[in-house]
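J.: Fold the following and give me the result.
(2 chains)
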Amino acid sequence: MEKYSNLPKDNPEEAMNLSTEQKRNKKLAEKLFPGELPSIQSLFEKYPKRELPEDAMVTRIAPSPTGFMHIGGIYMALISKHFADQTKGVYYLRIEDTDKKREVEGARKVIVESLHRFGLDPEEGEGTDGIERGKYGPYRQSERKDIYKSFIKYLVEIDRAYPCFCSEEELEKTHKMQEELKVRPGYYGTWAKCRDIDKNFAGEMLEQNKPFVIRLRSTGNNANTFIHNDLIKGSVELPENDLDAVIMKSDELPTYHLAHAVDDHLMGTTHVLRGDEWLSSIPLHYELFQALNFKHPEYAHIAPINKIDESGGKRKLSKRKDPEANVVFYEEHGYPEIAVTEYLLNIANPDFEAWRKNNPDKSPLGFKLFFNKLSTGAGPIFDKIKLQNIAKEVIGKMKSEELYQSVLSWALKHDSEFGKIISSDPEYWLRVFSIERGGNKPRKDISMWSEVKEVSSFFNKEQFTKPDWSNFTSVLSSSEIKDIISQCSEIISSVDSPEEWMEKIRQIAANFGFAPNTKTFKENRNKYRGHIGEIAQVIRFSITGLTKSPDLYQTMQALGEQECKKRLAL
RNA sequence: GCCGCCAUCGUCUAGUGGCCCAGGACAUUGGGUUUUCAGCCCAAGAAUCAGGGGUUCGAAUCCCCUUGGCGGUACCA
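T.: So this is what the prediction gives:
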């Protein structure tokens, strides 16, 4: 595939055949990169073509270690993993740490652990143990410096790249001038000052240790357009690149563009899934791949997740302003990862919901994603309500043991007091969590672990205090309420069956002129003061201090006769 | 400024020239349900398909213009 016939050979005889221009380029390249570098041929040998089925996709997630894992990164990783898995390909992790200014200590750990939490562990690249797997490494760009240099050197040798000595100030000046002249800004054509500087002069500059960057020598024409076929956006007409983009910074690290071309080629990426802010870099990337003699991968430009901002406008979920942009948010609130995953899948391919309905017990990993169903639009607005609905569904389906374990491990980390309480008597709390659970119509009132304490703390016998009856509204007078409670206390027993228990409550209701069920009440509204619900509510409030609780009978059973009577006597 | 992407109920969207005076889900409202809330079941409201021009017998769907939103235009990714 790659032909490097124009690659300067070590053979001195052939070197003799080099034109003076070629010799000058080679000399400059040597000056630019004096040390030993791996040869391009050796790199191709080191990173051979992957042996995979023909339509297998090799995808990757390539975050920058900035100390923050964006939910959009998880979204991208999720989609990338799905496509690789469903085609028996490879999904890997590459750390893009070429910007030393933005790099944050410990950030790799954040990335790796976030991915792990969402079940998105890469097949290749750094794992949670800090060890790299895979044959195409290193998977950290800062450790691939020499690889990039080899290719950059090659580009200089064939005169597709050149050193640029322009200072920041000079660049700014040109930019201003271009603005004034109302011409397209950028380093191109005649604006590219260093493009045609004398190679010998460049050599002298290097000898004087002048700082420099390496730029691509673009051969494109901005007036020409070409069609890029995007897996998501479809066919897009774009102008050819004519910018002499920086491919190596003055710190000798490559820019994203060069690293993308080199890494994704060498690592055998077949499909690049990335944010759609990259779409306008396509012309540059195409040119880079072409200059390097690489076949470019397929591209899928994915719209970001948005949010409505204060002024009512739409903006990308912001790292600084929006807590929900950070994956830590979901962990702290205790949204189950699986719920977040399902929500994300749902915005990726909206027919996920129908699939979930038809496959209620399958792992979301079994859902097949399609590029043409990914939104071509401007990107969805993050919908917390929808996430919560999905979470309620997910938690509703959990078995009590799973729920208990999940709540416990969350609480131990984020609410140690509550964690201590539920871990002190696992048997009891497991019973509490099994109320209205497991049947085909489970209770669905929890959307995150942080809500559990509020709805279940009354089960904590030690801390239960007399409910505040001023918060309780009823047609019943306070003396009647007292009577109901004492009657209840007299007749209930822990050996009651649900039917017996119900019958007793009905008896109390009858004593106070309440109908035994809603239907009877509705048929004879003037005969009754209300229906049994009113009585049940009094007992519920007395027992739980809440107007909302799981099934009262089961609750009382879990609490036990003694505890119930104690509370009724308060 | 220039270049590109996008525009359907509050939200996510279905829709690729007739099946659409626009369908589903979430949310909302109302009703039902041998105990409340929740859940579940049923029902309702909710989009002049951004606006304007074409093309066509026929357009949410194709074309053009306008407007609006988003992105890019870095030695950041």
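
J.: starting at the chain centroid, how far to the helix or strand hosting residue A:263?
T.: According to DSSP states H and E, residue A:263 maps onto helix A:256-266. With CA atoms, centre = their mean, to the nearest Å as the basis, helix A:256-266 stands 23 Å off its chain's centre.

J.: Which strands or helices does that helix pack on?
T.: Counting contacts by 3 or more CB pairs under 8 Å, 6 or more residues apart in numbering; DSSP states H and E, helix A:256-266 is packed against helix A:145-157, strand A:246-248, helix A:282-291. The C-beta positions use only the backbone N, C-alpha and C, and glycine is treated the same way.

J.: Quickly compare these and say which is most buried.
T.: Greatest average neighbour count among the helices and strands packed on helix A:256-266 goes to strand A:246-248 (a mean of 24), per mean count of other CB atoms under 10 Å.

J.: Quickly check: that strand near RNA strand B or not.
T.: Yes - applying CB under 7 Å from any atom of the strand, one finds strand A:246-248 touching RNA strand B at residue A:246.

J.: which parts of the stretch 201-350 of chain A sit against RNA strand B?
T.: Counting by CB under 7 Å from any atom of the strand, the stretch 201-350 of chain A comes close to RNA strand B at A:211, A:213, A:225, A:233-234, A:236-239, A:246, A:249-251, A:253, A:255-256, A:276-281, A:304, A:306, A:313-316, A:346-347, A:350.

J.: Contacts only, for the residue nearest to residue A:298 when sequence neighbours are not counted.
T.: Of all residues not flanking residue A:298 in the chain, residue A:271 sits nearest, at 4.8 Å (CB to CB, 6 or more residues apart in numbering). Neighbouring residues of residue A:271 by CB atoms under 8 Å, 6 or more residues apart in numbering: A:57, A:58, A:59, A:83, A:231, A:297, A:298, A:299, A:300.

J.: Among these, name the buried ones.
T.: A:57, A:58, A:59, A:83, A:231, A:297, A:299, A:300 (16 or more other CB atoms under 10 Å).

J.: Output the residues you listed as CSV; include the columns pLDDT.
T.: Formatted as CSV, the buried ones among the contacts of residue A:271 follow (pLDDT from 0 to 100):
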residue, pLDDT
A:57, 97
A:58, 98
A:59, 98
A:83, 96
A:231, 93
A:297, 97
A:299, 96
A:300, 95
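
J.: Among these, which ones are in helices?
T.: When these are checked against helices (DSSP state H), the matches are residue A:83.

J.: Quick one: the helices and strands packed on helix A:256-266 as JSON lines, columns for mean pLDDT and distance to residue A:220 too.
T.: Formatted as JSON lines, the helices and strands packed on helix A:256-266 follow (pLDDT from 0 to 100; distance: least, CB to CB, whole Å):
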{"stretch": "helix A:145-157", "mean pLDDT": "97", "distance to residue A:220": "15"}
{"stretch": "strand A:246-248", "mean pLDDT": "97", "distance to residue A:220": "15"}
{"stretch": "helix A:282-291", "mean pLDDT": "97", "distance to residue A:220": "6"}
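
J.: Turn those into JSON lines, including distance to residue A:169.
T.: Formatted as JSON lines, the helices and strands packed on helix A:256-266 follow (distance: least, CB to CB, whole Å):
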{"stretch": "helix A:145-157", "distance to residue A:169": "25"}
{"stretch": "strand A:246-248", "distance to residue A:169": "16"}
{"stretch": "helix A:282-291", "distance to residue A:169": "24"}
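
J.: Just the ones in strands from the residues of the stretch 201-350 of chain A next to RNA strand B, please.
T.: With strands taken from DSSP state E, the overlap with those comprises A:213, A:225, A:234, A:236, A:237, A:238, A:239, A:246, A:306, A:314, A:315, A:316.

J.: ok, the closest residue to the first one other than its chain neighbours - contacts?
T.: So that's residue A:213. Distance criterion CB to CB, 6+ apart; nearest residue to residue A:213, sequence neighbours excluded, is residue A:246 at 4.8 Å. Residues near residue A:246 by CB under 8 Å, 6+ apart: A:164, A:213, A:214, A:215, A:255.

J.: for chain A, which spans come out with low pLDDT?
T.: Low-confidence segments of chain A, defined by pLDDT under 70: A:1-16.

J.: any idea how it splits into domains?
T.: By the assignment in automatic domain parsing, chain A contains the domains A:1-161+A:213-218+A:226-238+A:248-302, A:308-396, A:399-463, A:466-570.

J.: Any idea which of the ones you listed gets closest to residue A:182?
T.: Closest of those to residue A:182 is domain A:1-161+A:213-218+A:226-238+A:248-302, at 20.5 Å (criterion: CB to CB).

J.: that older thread, from the contacts of residue A:271, which is closest to residue A:439?
T.: residue A:83 (37.2 Å).

J.: List only those of the residues of the stretch 201-350 of chain A next to RNA strand B flagged as buried.
T.: Neighbour counting over those (16+ other CB under 10 Å) leaves A:213, A:233, A:236, A:238, A:246, A:249, A:253, A:255-256, A:276, A:278-279, A:281, A:304, A:306, A:316, A:346-347 as the buried ones.

J.: where do the strands sit along the stretch 451-570 of chain A?
T.: A:514-515, A:530-531 (DSSP state E, counting those that start in this stretch).

J.: List the contacts of the residue nearest to residue A:223 when sequence neighbours are not counted.
T.: The shortest distance from residue A:223 to any non-neighbouring residue, by CB to CB, 6+ apart, is to residue A:239 (7.4 Å). Applying CB under 8 Å, 6+ apart, we find residue A:239 in contact with A:222, A:223, A:224, A:225, A:283.
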